[in-house]
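> Could you work out the structure for the sequence below:
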Amino acid sequence: MAVWRLPKTDPNLPLLEQVRVSRGVVLEDAAKADPFSIPGMEEVVSRVLSAVSAGSRVAVFGDYDCDGICGTAVLVEALRTFGIEPLVRLPRREEGYGIQPEQVRELAGQGAEMIITVDNGITALEAVEAAKELGVSIVVTDHHEPKDRLPDCPAANPKLNGSGYRDYCGASVAYLLACALSRAVGRPEPEHLLELVSLATVADVCPVTGPNYHMSRRGLLQMRSDPRPGIKQLAEVSGTRRIDGSSLGWQIVPRINVAGRMGDPACAYDLLTAESTGTAAGIAEHLNRLNRERQELVKAAFEECLEKYDGSYFPVFVIGYHHGIAGIAAGRVAEAVKRPVIVGSNSGGVVTASGRSVGKFNLLGALDECQRRTGLLERYGGHRQAAGLSFAARDLEKIQAALDQIARAGLTLEDITEWVELDGVIKRPLSLDEVRELDILEPCGFENQTPVFALAGPARVLREGEGWKKLSVYNLSFFVPSGLPVADGQMIHAAVTPYIDAYQGTERIAAKAVDVRTHSVTRDVLARAYAAWRQGRRVSEREEKIFGELGLRRNGQNPFVELLKSETFRRYGVL
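Next up is the predicted model:
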C-alpha cells in the first residue's frame, strides 16, 4: 500500500489533457538534439575526421551495461559508413568500470592508432597518459560527471561546463557524434540508429524529456515498425506483445544487461548488431536462459538480505552471490525495507558492491560523507539514486555504522514512504481513442513516468484463479491479488494505467493496477473527521486509529503533526 499524490485536474478532461495539466509539459514540442551543444564535440569531430582521412586503425572502447553496449554499436555502425572497420573492446564487469592503462596497451598491441571511448573515459587520466606514451590518439565520449581534473585529450561530454542539455545517456552522445560527423561531410544524419538510443535512454534511467524524448520517440517508432533482428528476437523470447517504455525497461533491457552481469557483454553486442534473424535468435535464446538464472540468483540474494536485515537505517549486506546481481538485489531490498541499501560480495578480502536509494535521499552524497568520516572507501561513484563502491571487508562494521548515522540524520518520512504519483482521475467509461492518445508519451521512463489515474467505483468480479481476481470498474478490467477482500458491487479504489489490449486483431480497453484498496482516506475527509471527533462525535474505526497513531487527544491542545507518521495513513492516504 502507498500514499497517493493526486494533482488538481479536471476529471472531465480527456486523459492526455489531464496528464499535460498535472505535469505542466507538452512532450511533443521537445526540441531536436543539437550535436554541437555538447562541449568538446567540435574538437572530437575534427580529431576523428583526421583519423578517417589518414586511414588510421580505430578502436572503440565501450562499457558492459546496456547503455555502453548500445553506444558502442551506434558508433561502430556509424564509422563503417566512413570506410572504417573498428576494433571493438567491451570490458567484462570484473575488469572494473572505464578504460584502464592495460586495456590501452592491449589495443595498441592490436594495431589501434586511435581509441574512442563510449560511455566512459572522462575520469580516465592514467589511461590517457598511457595512450600518449604509446603514441596512440585517444578521444572521449562520455556522459558521467567529471572530476576536478580532466583527461588531457579531446572529450565530448554534456556534463562539462557550457552544455546546452546535460541529461544524455552514453549512447546518445555516441549518436550525436555520428550526426556531427555526418553533418561535417554533408551526409544525412544516421536516424536508423535511434532505436539503440531509445533503448539506452530507458536502460540508463535518463530523463525522457526534451531532446531525449525527441530521439527516444523516433527510436521507439522504429522498433515498432522495423526492428533490427536482435531487438525483434528479444521481444519474442521475452513474450513482449507491445514495445513501450515499460516493456523495454522490464523485458528487453534486462536481457541485454544480463550479458555484462553474468558473462561477456560482447554477446549482447553481437545480438544488437546481428544482421540475420537466425543469428539473432540463437543469441536471444542464450540471453533469455542467462536472464532466468539471474532472476533465481536475485531472488535468493533478496531473501538472504531480508533475513539479515536488523532494522538499521542504511543496511550493508555482504552475500555470497555473483557481484553482477548486486545492484538489482539492492534495488529490490531498498524497495522492501524503504531504506537505502548496499549489497556486495567479498572476493579476496575486498567487497565490491552496489547501492540503491529511496525517495530523495542522496546516495552519492552519503558516500561522500562516509568517506570524509572514515576514509575507508577504496573506490566509489554514481549519483543520487544508485552507486557502486568497493572497500576492505575488514572495514564493513565501521562503514555500516557511519552510513547508519548519516541515514538517521538525513532520511525523511517522505523518503521512506511509498508513493503513487497520480496524473488524474477516471470517473466515466473511456473510449479507445482517448486511451490510444496516451501513447504519445511513450517511451515512458524517468521524469516521464507511465501515466496513472485514480479510479473509484463499484467493482464487478469477472473471474478468479489461483492467486488472482479479475475486476471491472466502468469499462476497465484489471487483475488484483486474490487476497483483496472485494465482492461484486463493492466500492473499490484503484490507481491504474489504461492501455489498449490488442489480441488477434481485436482491440479492447484494459488497465494495469498499480495499487488497489477497499478504502481511501483524503486529507480533507480526515480534517472533517478530526473536527467531529474533537466534538465527541463518532468517526470511523480507521480514522480513530489514525488519530491514535498520531498521538492526538480529544481534549486539550494538540501540536501540529505530520500525517505520514501514521502507518494507517501511509496505507490508505491520499494527498
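> didn't Val48 look like it was pressed against Leu177?
Yes. Under the criterion of C-beta atoms under 8 Å, Val48 makes contact with Leu177 at 7.4 Å. Where you see a C-beta, it was placed from the backbone N, CA and C, and this is true even at glycine.
> Can you show me the strands along the stretch 451-575 of the chain?
453-458, 460-465, 468-473, 476-481, 491-503, 506-517, 521-522, 573-574 (DSSP state E, counting those that start in this stretch).
> Quick one: closest of those strands to Gln222.
strand 491-503 (19.5 Å; C-beta to C-beta).
> just the angle between that closest one and strand 468-473, please?
Here strand 491-503 points in a direction 100 degrees away from that of strand 468-473 (axes from the mean of the first three to the mean of the last three C-alpha atoms, to 10 degrees).
> Can you give me the buried ones in strand 491-503?
492-499 (16 or more other C-beta atoms under 10 Å).
> how far is that strand from where the chain is centred?
Offset of strand 491-503 from its chain centre (C-alpha atoms, centre = their mean, to the nearest Å): 23 Å.
> who does it touch, helix- and strand-wise?
helix 432-436, strand 453-458, strand 468-473, strand 476-481, strand 506-517 (3 or more C-beta pairs under 8 Å, 6 or more residues apart in numbering; DSSP states H and E).
> Geometric centre of the chain: which residue is closest?
Val205 (3.4 Å; C-alpha atoms, centre = their mean).
> Let me know whether it touches Asn448 as I believe.
No. Using C-beta under 8 Å as the test, Val205 is too far from Asn448 to be in contact (11.4 Å).
> circling back to that earlier point, mind checking which of the helices and strands packed on strand 491-503 is nearest Glu195?
helix 432-436 (22.0 Å).
> Quick one: mean pLDDT for that closest one?
Across helix 432-436, the average pLDDT comes to 96.
> can you check stretch 488-495 too?
91.
> now that stretch, how far from the centre of its chain.
31 Å.
> And stretch 292-303, by the same measure?
That offset, for stretch 292-303, works out to 19 Å (C-alpha atoms, centre = their mean).
> Show me which residues of it are buried.
294, 297-298, 301-302.
> Just confirm the residue nearest to the centre of the chain is within a helix.
No. Under DSSP: H, G, I helix; E, B strand; the rest coil, Val205 sits outside any helix and is assigned coil.
> Any figure for the gap between it and Trp250?
13 Å (C-beta to C-beta, to the nearest Å).
> Over to Glu191?
26 Å.
> Next: Ala529.
Taking C-beta to C-beta, one finds Ala529 at 40 Å from Trp250.
> So those two - more neighbours on which side?
Per other C-beta atoms under 10 Å, whichever of Ala529 and Trp250 has more neighbours is Ala529, with 20 against 12.
> hang on, that one packs against Arg538?
No. If you go by C-beta under 8 Å, Ala529 and Arg538 don't touch, sitting 9.8 Å apart.
> which residues of the stretch 151-300 of the chain fall in helices?
170-184, 194-203, 210-225, 229-237, 245-247, 253-262, 266-272, 277-308 (DSSP state H, counting those that start in this stretch).
> Same list (the ones you listed) but as CSV, adding distance to Pro14 and mean pLDDT.
Shown next, in CSV, are the helices of the stretch 151-300 of the chain (distance: least, C-beta to C-beta, whole Å; pLDDT from 0 to 100):
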stretch, distance to Pro14, mean pLDDT
helix 170-184, 32, 98
helix 194-203, 26, 98
helix 210-225, 20, 97
helix 229-237, 30, 97
helix 245-247, 21, 97
helix 253-262, 31, 96
helix 266-272, 38, 98
helix 277-308, 38, 96
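> Mind putting the ones you listed into JSON lines with distance to Leu134?
Rendered in JSON lines, the data for the helices of the stretch 151-300 of the chain read as follows (distance: least, C-beta to C-beta, whole Å):
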{"stretch": "helix 170-184", "distance to Leu134": "23"}
{"stretch": "helix 194-203", "distance to Leu134": "30"}
{"stretch": "helix 210-225", "distance to Leu134": "36"}
{"stretch": "helix 229-237", "distance to Leu134": "34"}
{"stretch": "helix 245-247", "distance to Leu134": "43"}
{"stretch": "helix 253-262", "distance to Leu134": "27"}
{"stretch": "helix 266-272", "distance to Leu134": "24"}
{"stretch": "helix 277-308", "distance to Leu134": "34"}
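> Need the winner for burial among those helices.
helix 194-203 (a mean of 29; mean count of other C-beta atoms under 10 Å).
> tell me the angle it makes with helix 229-237.
Using the same axes, to 10 degrees, helix 194-203 lies at 50 degrees relative to helix 229-237.
> Distance from helix 194-203 to the middle of the chain?
Centroid separation for helix 194-203 versus its chain: 12 Å, with C-alpha atoms, centre = their mean.
> go on, stretch 135-144?
26 Å.
> re earlier: what sits closest to the residue nearest to the centre of the chain if chain neighbours are left out?
Leaving out its chain neighbours, the residue that sits closest to Val205 by C-beta to C-beta, 6 or more residues apart in numbering is Phe446, at 4.8 Å.
> do the same with Tyr530
That would be Phe547: by C-beta to C-beta, 6+ apart, it lies 6.7 Å from Tyr530.
> Glu421 now?
Per C-beta to C-beta, 6+ apart, closest to Glu421 is Arg5, 5.2 Å.
> Distance check, the residue nearest to Val205 against Ile38.
Distance from Phe446 to Ile38, by C-beta to C-beta: 20 Å.
> go on, Val44?
9 Å.
> Counting neighbours, go ahead and name the busier of the two.
Remark: of Val44 and Ile38, Ile38 carries more neighbours, 29 against 24, as counted by other C-beta under 10 Å.
> right, and the more buried one touches Leu176 too?
Yes. Look at Ile38 against Leu176 with C-beta under 8 Å: they come within range, at 6.2 Å.
> before we move on, back to that, okay, the strands of the stretch 451-575 of the chain, which one's buried deepest?
By mean count of other C-beta under 10 Å, the strands of the stretch 451-575 of the chain have strand 573-574 as the most buried, with a mean of 22.
> Could you list every helix and strand in contact with it?
strand 3-5, strand 521-522.
> which strands and helices sit next to the last one?
For strand 521-522, the elements it packs on are helix 541-549, helix 567-572, strand 573-574, judged by 3+ C-beta pairs under 8 Å, 6+ apart.
> now the helices and strands packed on strand 491-503 in a markdown table, with distance to Thr568?
Shown next, in a markdown table, are the helices and strands packed on strand 491-503 (distance: least, C-beta to C-beta, whole Å):
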| stretch | distance to Thr568 |
| --- | --- |
| helix 432-436 | 34 |
| strand 453-458 | 19 |
| strand 468-473 | 24 |
| strand 476-481 | 20 |
| strand 506-517 | 12 |
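> Would you tell me which of the ones you listed gets closest to Arg224?
It is, among these and with distance given as C-beta to C-beta, helix 432-436, at 13.8 Å.
> Counting neighbours, which bits of the closest one end up buried?
434-435.
> Return the closest of the buried residues of stretch 292-303 with respect to Gln504.
Comparing the buried residues of stretch 292-303 against Gln504 with C-beta to C-beta places Arg294 closest, at 32.5 Å.
> List the residues that contact the closest one.
254, 258, 261-262, 324-325, 328 (C-beta atoms under 8 Å, 6 or more residues apart in numbering).
> rerun that using 7 Å as the cut-off
258, 261-262, 325 (C-beta atoms under 7 Å, 6 or more residues apart in numbering).
> Check the gap between it and Asp119 for me.
21 Å.
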